[in-house]
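Trainee: Let's see this in three dimensions:
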Amino acid sequence: MLILNRPISVIVWLLLSLVGGFWLSWHQFNQLYDRFYQDTSIALRVLSQKTTQHDTVLAMLGVMRVEQNPSALLLSLQESLPQLLAIGYWQQQNWQGSQAGLSPPSGLWQQAIKQRHAVVKFAGAQHYWLQSPNGWALLINTQALFQSADWPASLANVQLELNGQTIPLLSRQTAPPPLGWHLQLSKSLASPTQALTLNSQKTLTSKQLPWQYILLWSGLLAALIASIDSVQQTRVAQRREGERKRLSALERLSTLGEMAAGLAHELNQPLTAILANTGAALRLLDDVEERDSVRQALRTSSQQAKRAAAIIARLRQLVEQNHAGNRQAINPDSVLRMLLFLRQAELAQQNICVQWQNQSPGYAPWAEWVALEQILHNLVQNACDAIQSQGIGGVIQLRGQCEGEYYRFTVLDNGPGLAAEVLPRVFEPFFSTRAKGMGLGLSLCETLAHSLNGSLTIENVAGGGAMATLTLPLARSCR
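Mentor: Just a heads-up that it's a prediction; the model follows:
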């Protein structure tokens with residue numbers, strides 16, 4: 001299935017909106033043109049009928065007696081032909097009309113006689129004379145041919161044309177816009193005597209576009225594409241989540257062997273301590289004065305045994321669930337007191353001094369007790385190994401400090417530090433600088449730190465030695 005990202009979705013929406021808008025506009029303009037053509041044809045038929053009535057009136061007047069009063073005739077005809085302004089006839093080169101001062105141009109009658117049919121002559125901007133060979137003539141008011149309300153709404157500009165001269169009948173677009181779709185239709189009237197041409201023009205502009213349908217189309221497209229995008233994003237998210245779970249399961253399986261080897265590595269320290277303390281207790285049992293030392297050795301062995309059981313449970317939980325255990329706000333002083341209780345006597349025999357300094361009293365990291373204790377034990381053991389490699393005693397400085405939204409533990413030793421080629425590989429599984437080392441301690445520590453939403457870094461310090469920094473989320477903010 002094609003997956004559309006947001007920019008492509010917008011482009012598709014724009015293209016489909018333009019295509020749909022063009023089709024709707026083309027369809028609308030075609031409908032407007034059809035209406036324009038039909039209404040112009042209707043206007044032409046109406047005007048043709050009225051001009052035919054003019055011919056009929058002239059024919060009727062030609063058979064009447066000349067003594068008829070033109071004024072009386074005009075009044076009787078205007079009831080059905082309101083476009084008539086004047087009526088009259090020629091008698092021996094004298095004009096007898098319904099209104100004084102209104103007469104056809106001289107020679108128009110002779111022209112009609114010569115052509116043997118009625119002729120037309122424009123008289124001003126809105127009138128024209130219709131002269132018959134029988135002497136009768138009509139003055140037509142073109143503005144009365146159509147009432148303003150009778151013109152269809154689809155028509156804009158309409159004129160009557162004769163021999164290059166025009167009389168405007170309708171002027172709705174006095175200044176047609178230069179941009180638009182120009183419509184024009186010219187047809188001759190059906191009257192054989194009134195050779196007039198009807199011209200109709202109109203310019204369609206953007207106002208005639210079906211904006212409501214275009215916007216509706218664009219809105220429906222946007223909703224459809226948004227729905228498709230939402231469905232696709234949901235499917236992608238589900239697929240991504242499935243892949244993440246699959247990779248997480250594979251990662252847990254791939255680390256199972258590492259955990260099994262790490263289990264032996266992690267249990268080595270407490271089991272060695274148990275054996276040492278138990279052996280010391282056996283040697284001191286016969287000495288009454290050393291009972292307190294025996295009691296201390298057994299207490300230490302008990303704590304180390306509990307720690308070994310917790311490590312086993314913690315490693316099993318890490319493999320099965322791939323997350324930290326029961327997290328809580330942990331008092332750093334309590335963790336370090338337990339660490340010093342378990343390791344201080346052993347380290348004192350190696351001439352190594354361990355110092356703890358809490359630089360942010362009252363603040364606590366958000367972590368899991370066993371995981372945090374396990375990381376710190378490993379870091380202290382690595383510092384001890386580094387110091388012992390020099391053959392002399394040393395100092396391990398432990399510090400806790402709140403920085404912003406995090407709590408940082410630092411373990412600083414005065415050993416030789418790490419070689420430049422070793423430093424980038426310290427967290428690599430099964431990499432070790434010790435002959436009998438398994439290379440799993442720091443790798444497990446980094447895994448545990450990440451499971452606690454924290455981080456672990458190691459760097460050399462100026463003047464010699466190395467510093468490990470464990471950064472964990474803060475249970476209470478320092479700000």
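Trainee: what's next to the longest strand along the chain, contact-wise?
Mentor: Longest strand in the chain by number of residues (criterion: DSSP state E): strand 394-403. When contacts are defined by Cβ atoms under 8 Å, 6 or more residues apart in numbering, strand 394-403 is touched by residues 332, 336, 347, 351-360, 363, 376, 380, 383-384, 387, 407-415, 474, 478. To be clear about C-beta, it is placed using only N, CA and C from the backbone, and glycine gets the same treatment.
Trainee: wait, what's in contact with L16?
Mentor: So L16 contacts L221 (Cβ under 8 Å, 6+ apart).
Trainee: and it, what helix or strand is that in?
Mentor: Counting by DSSP states H and E, the element that carries L16 is helix 6-62.
Trainee: same question for that helix, mean pLDDT?
Mentor: For helix 6-62, mean pLDDT rounds to 87.
Trainee: chain center to it: distance?
Mentor: Averaging C-alpha positions (Cα atoms, centre = their mean, to the nearest Å) puts helix 6-62 40 Å from its chain's average.
Trainee: what's downstream of that helix, the next helix or strand?
Mentor: Following helix 6-62 toward the C-terminus (DSSP H and E): helix 70-78.
Trainee: residue ranges of the strands in the stretch 101-250 of the chain, please?
Mentor: Under the criterion DSSP state E, counting those that start in this stretch, the stretch 101-250 of the chain carries strands at the ranges 119-122, 127-131, 136-141, 157-162, 165-171, 181-188, 197-204.
Trainee: circling back to that earlier point, restricted to strands, list the contacts of strand 394-403.
Mentor: In this view, the contacts of strand 394-403 that belong to strands under DSSP E are 352-358, 407-413.
Trainee: hang on, the earlier thing: go through the strands of the stretch 101-250 of the chain and pick out the most buried.
Mentor: strand 136-141 (a mean of 24; mean count of other Cβ atoms under 10 Å).
Trainee: Just checking: what are the partner strands of that one?
Mentor: On the basis of DSSP bridges, the sheet neighbours of strand 136-141 come out as strand 84-91 (antiparallel), strand 127-131 (antiparallel).
Trainee: Including distance to L209 and mean pLDDT, could those strands go into a markdown table?
Mentor: Listed next are the strands paired with strand 136-141 as a markdown table, based on distance: least, Cβ to Cβ, whole Å; pLDDT from 0 to 100:
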| stretch | distance to L209 | mean pLDDT |
| --- | --- | --- |
| strand 84-91 | 43 | 88 |
| strand 127-131 | 39 | 90 |
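Trainee: now those strands as TSV including distance to G20?
Mentor: What follows is the strands paired with strand 136-141, written out as TSV (distance: least, Cβ to Cβ, whole Å):
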stretch	distance to G20
strand 84-91	54
strand 127-131	50
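Trainee: Nearest to T142 among the ones you listed would be which one?
Mentor: strand 127-131 (6.7 Å; Cβ to Cβ).
Trainee: Name the residues that touch the closest one?
Mentor: For strand 127-131, the external contacting residues (Cβ under 8 Å, 6+ apart) are 54, 58, 85, 104-105, 108-109, 111-112, 118-123, 137-142, 160, 162, 167, 193-194.
Trainee: returning to that earlier point: mind giving me TSV with the strands of the stretch 101-250 of the chain and columns for distance to Q31?
Mentor: Shown next, in TSV, are the strands of the stretch 101-250 of the chain (distance: least, Cβ to Cβ, whole Å):
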stretch	distance to Q31
strand 119-122	36
strand 127-131	35
strand 136-141	34
strand 157-162	20
strand 165-171	21
strand 181-188	12
strand 197-204	11
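Trainee: Out of the ones you listed, which is closest to W151?
Mentor: For W151, the closest of the strands of the stretch 101-250 of the chain is strand 165-171, at 5.4 Å, according to Cβ to Cβ.
Trainee: which residues are contacting that closest one?
Mentor: 122, 125-128, 142-143, 145-146, 151, 155-161, 199.
Trainee: repeat for stretch 349-361
Mentor: By Cβ under 8 Å, 6+ apart, the list of residues contacting stretch 349-361 reads 332-333, 336, 340, 343-344, 347, 380, 384, 387-388, 392-402, 407, 478.
Trainee: Mind doing that once more with 7 Å?
Mentor: The contact list for stretch 349-361, computed with Cβ atoms under 7 Å, 6 or more residues apart in numbering, reads 332-333, 336, 340, 343-344, 347, 380, 384, 387-388, 393-402, 478.
Trainee: Tell me the buried residues in that stretch?
Mentor: For stretch 349-361, the neighbour count (16 or more other Cβ atoms under 10 Å) marks 352, 354, 356, 358, 360 as buried.
Trainee: ok, the longest strand of the chain: who's next to it in the sheet?
Mentor: Strand 394-403 sits in its sheet next to strand 352-358 (parallel), strand 406-413 (antiparallel), going by DSSP bridges.
Trainee: To what extent is the closest residue to L179 other than its chain neighbours buried, counted in neighbours?
Mentor: In space, and not counting its chain neighbours, L179 is closest to T205: 7.3 Å by Cβ to Cβ, 6 or more residues apart in numbering. Per other Cβ atoms under 10 Å, the neighbour tally for T205 reads 13.
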